[in-house]
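Colleague: Provide a 3D model corresponding to the input given below.
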Amino acid sequence: MNQNQVRSWKVMTWNVRGINSSWKWDSVKNKISEAQCDIVCLQETKKDNFDSLFLRKTCPPTLDTYDILPSVGASGGILIAWRGSLFSGNRVSCNNFAITVEFCSRHDYSKWVLTCIYGPCTPEGKGMFLDRFRNIQMSPETDWLILGDFNLI
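Modeller: A predicted model of the protein is given here:
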């Protein structure tokens, strides 16, 4: 690829430790706006569903497309939101711990994969998570970004 065609994207990741309280929405939205990111990945949303209205309350208007991994009860939950004007995104996979989206740039049609993780906190869950993660089969030619809260420390 010609060096002049290379484009960089800003990706933000954040463990929000719950986003159900309305008093938190403005703070989250302001911090995301301040970061001027193209994609935001929020972990530990503790939210079991999202809609476009909720997205507008918690993200700047430029982040208009999203995918989610709902929380289970009061734990977990992931939101990946992105600029639909810059990317198309398709879910590749989803499990209890992660959501993976393949992005295609509307600028140059390059493709890459993003995996956002919210790892389990229990010892049994950590073992299961690491086993699943170890067995992922991703082509070496794939540009892959893995981020999130692994809960391993």
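
Colleague: what residue ranges in the protein are flagged as low confidence?
Modeller: Along the chain, segments meeting pLDDT under 70 span 1-7.

Colleague: tell me the strands in it, going along the chain?
Modeller: Counting by DSSP state E, the chain has strands at residues 11-15, 39-43, 65-69, 78-82, 87-94, 98-105, 111-118, 144-149.

Colleague: dump the residue contacts of Leu114.
Modeller: Val11, Ile39, Cys41, Ile80, Thr100, Val101, Phe103, Trp144, Leu145, Ile146, Leu147 (C-beta atoms under 8 Å, 6 or more residues apart in numbering). Using the backbone N, CA and C atoms, a C-beta is placed for each residue, glycine as well.

Colleague: dump those residues into a markdown table; add distance to Gly127 and neighbour count as well.
Modeller: Listed next are those as a markdown table, based on distance: C-beta to C-beta, whole Å; neighbours: other C-beta atoms under 10 Å:
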| residue | distance to Gly127 | neighbour count |
| --- | --- | --- |
| Val11 | 28 | 18 |
| Ile39 | 30 | 24 |
| Cys41 | 24 | 26 |
| Ile80 | 26 | 27 |
| Thr100 | 21 | 22 |
| Val101 | 26 | 24 |
| Phe103 | 30 | 23 |
| Trp144 | 23 | 15 |
| Leu145 | 25 | 15 |
| Ile146 | 19 | 15 |
| Leu147 | 21 | 15 |
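
Colleague: TSV for the residues you listed, including distance to Leu63?
Modeller: What follows is those, written out as TSV (distance: C-beta to C-beta, whole Å):
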residue	distance to Leu63
Val11	12
Ile39	8
Cys41	11
Ile80	10
Thr100	19
Val101	13
Phe103	13
Trp144	22
Leu145	17
Ile146	21
Leu147	16
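
Colleague: specify the beta-bridge partners of Lys111.
Modeller: With DSSP bridges applied, Lys111 shows beta-bridge pairing to Cys104.

Colleague: isn't it right up against Val92?
Modeller: No - if you go by C-beta atoms under 8 Å, Lys111 and Val92 don't touch, sitting 10.7 Å apart.

Colleague: overlap in contacts of the two?
Modeller: Listed as contacting both Lys111 and Val92 by C-beta under 8 Å, 6+ apart are Glu102.

Colleague: that older thread, any chance of the strands of the chain in a markdown table, plus distance to Gln137?
Modeller: As requested, these are exported to a markdown table (distance: least, C-beta to C-beta, whole Å):
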| stretch | distance to Gln137 |
| --- | --- |
| strand 11-15 | 23 |
| strand 39-43 | 22 |
| strand 65-69 | 20 |
| strand 78-82 | 21 |
| strand 87-94 | 11 |
| strand 98-105 | 12 |
| strand 111-118 | 12 |
| strand 144-149 | 12 |
